[in-house]
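S.K.: model this:
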Amino acid sequence: MTRPVVIITGLSGAGRASILNMLEDLSFETVDNPPLAVLEALLGDGDLPIAVGVDTRSRGFDPPALLKILERLRLRPDLAPTLLFATAEDAVLLRRYTETRRRHPLAPGGPFGTRVQDGIARETLLMAPLREAADLLVDTTDVPLPELRRRMEARFRPEGAPGLSITVQSFGFPKGLPREADLVFDMRFLRNPHYVPALKPLTGRDAGVAEYVAEDAAFPAFWQNLTALLDPLLPRYVAEGKKYLTIAVGCTGGRHRSVFVAEKLAAHLAETSSMHGWRVELAHRELPEIARGSNTPHAENGHPDLLPDIAPRDTHMTTVE
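M.R.: Here you go, the predicted model:
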C-alpha cells in the first residue's frame, strides 16, 4: 500500500495552516515548516499518511529545489505524493492580514518595501513555479472554513479515519447538567417508574422499566420527533467541522426514563454509524453500580429495541459499534 504524502504550500494568508490542521484531524501526521534539507528524509520514513507545510518561512526554502525533491518522491513506489497549493485573490489576502495584524513574511522592510501588498506581490512571483506544478490548486477566496474542511475530507480522508465522536449520556437533574453537554433532552414529561414499587429498584436497562416507559402514550410521538431532529442535524455538525458531540438525556433521578431513552438513542445512532463514519459511546452518570457489575446488561433483559452487547460490565461508559 502506498503512503499518502501531501506537501502543502502556497501564498501566506491563503489557508495553508488551516489545511494542515484539517489533515491532522484526518489522522495525518503533520509537520509545519521543516528545513528543506530534511524534507525528503522526513517524508520517506513511516507508515501513516503525512502532510507537511512548506512556505517562504521554511529554512532553505527554494521552489526549484522543492520541485526536484518532489520528482524523486514520485519515483518511489511506496509513496503517493501530492503537491497542494493554497491561493487567494490579492484583495482577500490583504484583508486577512489587516484583520489579523500579522506581518507578511516577505514585507518586513528593506528593498522590497514595508507594505503587505509588496510582500504579496513578491511572494506571488516567487511561488509561481510551485503553483504551476501543483497537483491540487485550492483557491480560498470565497470559501468559508466549513466548506474548505468538507473539500479536504472529500479529497484526503483515509479509510478508517475517525469521524464525529458522539456520547449519549443519561443524568439526573438534581445533580446538575453535564458540563460537556451540547444537546439536552428532558424526559420528565414521561410517566415515572419510580412510583411503581416493582420497578423502583430497577433501572432503564431492565425490560420492565423499558416497557413501562415505551408504553407511555406520549413516547411514540416524542421518539419520532427526536430522531427526525437528530438524523439530519448530526451530518450538519460534521459538515461544520465538529469532532465531539455530547447528547445528554435527563430525568428526575437519572436511573429510569433517561437511561432507557439514552440506551435506545445510542442504539439508533449506532445503526447509522458505519454509513456516516461516526463513533457512538454510551454513559450513565447516575449508575455507578454498572461498573461493579450489579446491573443486568440489556443484552439479557430481552427488550427488542436495544442493541445487544453494548455495555461491558466493567465500565459505565461503553463504545457502541
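
S.K.: C-alpha only now, for contacts and for neighbours.
M.R.: Will do.

S.K.: Quick check: phi and psi at the residue nearest the centre of the chain.
M.R.: For the chain, the residue nearest the mean C-alpha position is K243 (2.8 Å; CA atoms, centre = their mean). Dihedral angles of K243 (phi, psi; degrees, to the nearest 10) stand at phi -110, psi -30.

S.K.: out of everything not next to it in sequence, what's closest to it?
M.R.: Spatial nearest neighbour of K243, excluding adjacent residues (CA to CA, 6 or more residues apart in numbering): L164 at 4.7 Å.

S.K.: Could you list which residues are in contact with the one you found?
M.R.: By CA atoms under 8 Å, 6 or more residues apart in numbering, the residues touching L164 are V238, K242, K243, Y244, L245, G277, W278, R279.

S.K.: Lowest-confidence one in those residues?
M.R.: The lowest pLDDT within these belongs to G277, with 71.

S.K.: Could you report the distance from that residue to S58?
M.R.: 36 Å (CA to CA, to the nearest Å).

S.K.: State the number of residues packed around A207.
M.R.: Neighbourhood size, A207 [other CA atoms under 10 Å]: 20.

S.K.: isn't L190 right up against A218?
M.R.: Yes: counting by CA atoms under 8 Å, A218 is a contact partner of L190 at 7.0 Å.

S.K.: Tell me the bridge partners for I247.
M.R.: V168, L183 (DSSP bridges).

S.K.: I'd like the domain boundaries of this protein, if you could list them.
M.R.: 3-156, 165-320 (automatic domain parsing).

S.K.: Now do stretch 245-264: distance to the chain's middle.
M.R.: 24 Å (CA atoms, centre = their mean, to the nearest Å).

S.K.: ok, residues contacting that stretch?
M.R.: 164-174, 178, 180-188, 190, 192-194, 202-205, 209-210, 213, 282, 284-287, 305-307.

S.K.: what about burial for these, which qualify?
M.R.: Buried members of those, counted by 16 or more other CA atoms under 10 Å: 164-173, 178, 186-187, 190, 192-194, 202-205, 209-210, 213, 282, 284-287, 306-307.

S.K.: So L42: helix, strand or coil?
M.R.: helix (DSSP: H, G, I helix; E, B strand; the rest coil).

S.K.: For G204, give me its contacts.
M.R.: A210, R255, H256, R257, S258, V259, F260, V261.

S.K.: one more time with 6 Å
M.R.: Taking CA atoms under 6 Å, 6 or more residues apart in numbering as the criterion, G204 is in contact with A210, H256, V259, F260.

S.K.: just to revisit the earlier point, the domains of the chain: lowest mean pLDDT?
M.R.: domain 165-320 (a mean of 80).

S.K.: Any idea how many residues pack against L226?
M.R.: 13.

S.K.: Mind checking what secondary structure it has?
M.R.: Under three-state DSSP, L226 falls in the helix class.

S.K.: could you check the distance from it over to E271?
M.R.: 16 Å.

S.K.: for the stretch 1-150 of the chain, what spans make up the strands?
M.R.: 3-10, 29-32, 50-53, 79-87, 136-139 (DSSP state E, counting those that start in this stretch).

S.K.: Turn those into JSON lines, including mean neighbour count.
M.R.: Putting the strands of the stretch 1-150 of the chain into JSON lines (neighbours: other CA atoms under 10 Å) gives the following:
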{"stretch": "strand 3-10", "mean neighbour count": "23"}
{"stretch": "strand 29-32", "mean neighbour count": "17"}
{"stretch": "strand 50-53", "mean neighbour count": "24"}
{"stretch": "strand 79-87", "mean neighbour count": "21"}
{"stretch": "strand 136-139", "mean neighbour count": "17"}
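
S.K.: and A198, which of those strands is closest to it?
M.R.: Nearest to A198, of all those, is strand 29-32, at 55.2 Å by CA to CA.
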